[in-house]
Every structure is written in C-alpha cells, then in structure tokens.
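Colleague: kindly generate the corresponding structure for this input.
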Amino acid sequence: HEATMLMGVRSVFHIYLVTKSKTCQQAAKSGLVEIMEYMLQRMETSPLNTTIPQQQQQPSSELEPQNQQQHDLDHQHHQHHSLWYTDSYYLMRSLVKLSSKELPGIDDANNSNPSNFSLAAQIFTSSTPVDPLALHNKVLSLELILRAMECAGPQFCNDDKFIHLVQSQLCVALLKNCMSNNTSVAFISNQIFLIL
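Modeller: Here you go, the predicted model:
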C-alpha cells in the first residue's frame, strides 16, 4: 500500500475540495472516514509482520513531502509491524501536516505583534482573503484526525511512533489551531485536545 494508499487518499481529498456537488462531497468525506476507520481497525487486529524489512523505504507522495528527520526516526524503530500499521502511521502523519499549514487571513492575525493590536482588533482587521480550498482542507484533515482519535485502539495509543507523532507534531498543530479565528478550526482542535 503506502505510496499507492496515500495517492488514493489524495485523490479523494481532491474530489472533496473541488466538486460542486454536495452529494459527491459528502460521499468523498464519508469514504475518507471509512478508509481511516478500516485501516485503524485492521492495524489493531493484524499481528506483527516479520517479513517487512526494517530499513523500509518511506513512500513519496505529494500528500506528504519527504522529511529526513522523521525518516531517520522510522528507521530506528525496531519492531516489524504489519502493512496496516505502516499505512495508518503514514496517513495519520500526512493529516497532521495538512492540519498544521497556516492559512493567510486566519492564522496571520495570531502572529501579529500583540503590542500593536488588541486581540479583538486582530480578529476583525485581517485584510488577507481566506482561500476556501485551504480552509476546507484544514477542516477536513482535523475532522479525520478527530475520528482517528475517537476509534483509536491500544496499539495506536501505546505505540512509540504514534506517541511521538502526537507529542511532537499534533499537539503543536492543535495549539496553533485552537487560536484560529475560524470557529470550525478552533472547535475541532479543542475536541481533539479533550480526547488527548
């Protein structure tokens, strides 16, 4: 799976973002939720796979750019996990990266100098237009992360790689998103924090 899986998820993401049909959009979103749930369920029920090489190559996909530091961490992981584990981890990491992208017009106000503007002024004076596709992308990625947290099992919650991903990347993204001027982004981020 791996790169092929990420490419498939990216295609469904694209359909959700660009389609003008509410029916197609809802079907794409439901499909992404089902993919996430199915992969996590299979990961929890699949035994360790000793046939997967430890120095497994990281997939290359536009959904998830290469990250050398994380790649090195992957190679230091000493257990041979199932393919479902690998797929779930790469998908989760991709969603975290998508959710952490800053949105001009929403996140830029939070980076302003607090000595020059009050918080209320920052919220209402942003002149940068918000890219609706980027906003929908962030919201959908956060919704999928929330669903993953809701159906996470023992392997997800106790595995070192997933714990490191949550602590080093997801929590940082959530802290930024909780301060977002967009209510949907802030609300979903707070829901994820409550689960953590």
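Colleague: my guess is residue 103 contacts residue 133. True?
Modeller: No - contact criterion CB atoms under 8 Å: residue 103 and residue 133 do not qualify, at 10.4 Å. No exception for glycine: its C-beta is placed from N, CA and C like everyone else's.
Colleague: residue ranges in this structure under the pLDDT threshold?
Modeller: 1-2, 47-81, 105-128 (pLDDT under 70).
Colleague: which residues in it form strands?
Modeller: For the chain, strands defined by DSSP state E do not occur.
Colleague: how many neighbours does the residue lying closest to residue 177 once chain neighbours are set aside have?
Modeller: Counting by CB to CB, 6 or more residues apart in numbering, residue 177 lies nearest to residue 189, which is 3.9 Å off, once chain neighbours are set aside. Using other CB atoms under 10 Å, residue 189 is surrounded by 24 other residues.
Colleague: with the one 5 residues further on instead?
Modeller: By other CB under 10 Å, 9 other residues sit near residue 194.
Colleague: what do you get for residue 24?
Modeller: 13.
Colleague: and the gap between it and residue 13?
Modeller: 13 Å (CB to CB, to the nearest Å).
Colleague: for residue 36, same thing?
Modeller: As judged by CB to CB, residue 36 and residue 13 stand 12 Å apart.
Colleague: just checking, residue 186 touches residue 180?
Modeller: Yes - because the distance of 4.8 Å satisfies CB under 8 Å, residue 186 is recorded as touching residue 180.
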